[in-house]
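Visitor: show me the folded form of this:
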Amino acid sequence: MKNNDPLHLWRLGPYLTIEDAAILIAGGDPSEVDEVQDGSYRDSPYIEVKRTTNHPGFAAAKEVLRLAIIHDDIPNDFRTGEYSDVAQAVVTAADLRIWLRSRGHTTGFFFPEEPLVQEDFNDQSHEHFSPELALAVTAWRALAETQKFRRGPKAAVEDWIDANPKEWRGEAALSAAAKERIATLVNWKRGGGAPPTGG
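Guide: Sure, this is the predicted structure:
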């Protein structure tokens, strides 16, 4: 995080309203305001109001967030009854990143660019490159922020591998045995079976 990033302070807190989250997803700054006339008369004074619809993409981002919250695709406090209006719901940045990643959106505010560092294990030109190791680490990182899994971590790893076939960089197609080895390696809960709470 750089202090010259105008949005860096928005990264400090873990919680966001869906309005602010939608602005950030759309590439805007929730701090920006517009001057509008406070009344219908020609000499009505101008006041500052928070910029929302003037952010290109804001309306679409807010609507998909609203529907995701209604359908419990994003954990939120709306279902607890704390807020009767979904527009006032609060979500966490971590949950938003998980949801955005699941929708194939991995750029913008919630995915700040980091210096590109080539890790030896991930370097396909390295003489010791192992496609199974590279896929295992990639899968682990993709699921690291997820808190609960309906069928347990191992099944979640298998589902992720199935949903991301381009991440496999082996010379031959990924075999069922290799997939089993990777899922077993990544699985951090070896007790077996899906936990009753889904986590």
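Visitor: of all residues in this protein, which one is nearest the centre?
Guide: Centre of the chain computed as the mean C-alpha position; nearest residue by C-alpha atoms, centre = their mean is residue 97, 1.5 Å away.
Visitor: does anything pack onto the helix or strand that contains that residue? Which helices or strands?
Guide: Under the criterion DSSP states H and E, the helix or strand holding residue 97 is helix 93-102. Applying 3 or more C-beta pairs under 8 Å, 6 or more residues apart in numbering; DSSP states H and E, we find helix 93-102 packed against strand 15-17, helix 18-25. Quick note: C-beta positions are derived from backbone N, CA and C, even for glycine.
Visitor: pretty sure the residue nearest to the centre of the chain is in contact with residue 112, am I right?
Guide: No. In this structure residue 97 lies outside contact range of residue 112 using C-beta atoms under 8 Å: 10.7 Å.
Visitor: give me the number of residues near residue 77?
Guide: Residue 77 has 15 neighbours, counted by other C-beta atoms under 10 Å.
Visitor: what do you get for residue 178?
Guide: The burial count assigned to residue 178 is 17, neighbours taken as other C-beta under 10 Å.
Visitor: kindly report the same for residue 110.
Guide: 20.
Visitor: doesn't residue 93 make contact with it?
Guide: Yes. Residue 110 is in contact with residue 93 according to C-beta under 8 Å; the separation is 6.5 Å.
Visitor: show me the contacts for residue 183.
Guide: By C-beta atoms under 8 Å, 6 or more residues apart in numbering, the residues touching residue 183 are 154, 157, 158, 161.
Visitor: measure the second one to residue 182 for me?
Guide: As defined by C-beta to C-beta, to the nearest Å, residue 157 lies at a distance of 7 Å from residue 182.
Visitor: which residues are common contacts for the two?
Guide: Applying C-beta under 8 Å, 6+ apart, one finds that residue 157 and residue 182 are jointly contacted by residue 139.
Visitor: look at residue 154 and report its pLDDT.
Guide: What the model reports as pLDDT for residue 154 is 92.
Visitor: could you measure from it over to residue 145?
Guide: On the measure of C-beta to C-beta, residue 154 and residue 145 end up 18 Å apart.
Visitor: those two: who's more crowded?
Guide: residue 154 (21 against 13).
Visitor: from residue 182, how far out is that one?
Guide: Going from residue 154 to residue 182 by C-beta to C-beta gives 10 Å.
Visitor: ok, now residue 11?
Guide: As for residue 11, its distance to residue 182 is 32 Å (criterion: C-beta to C-beta).
Visitor: can you give me the helices for this structure?
Guide: 18-25, 58-70, 93-102, 131-143, 153-163, 176-186 (DSSP state H).
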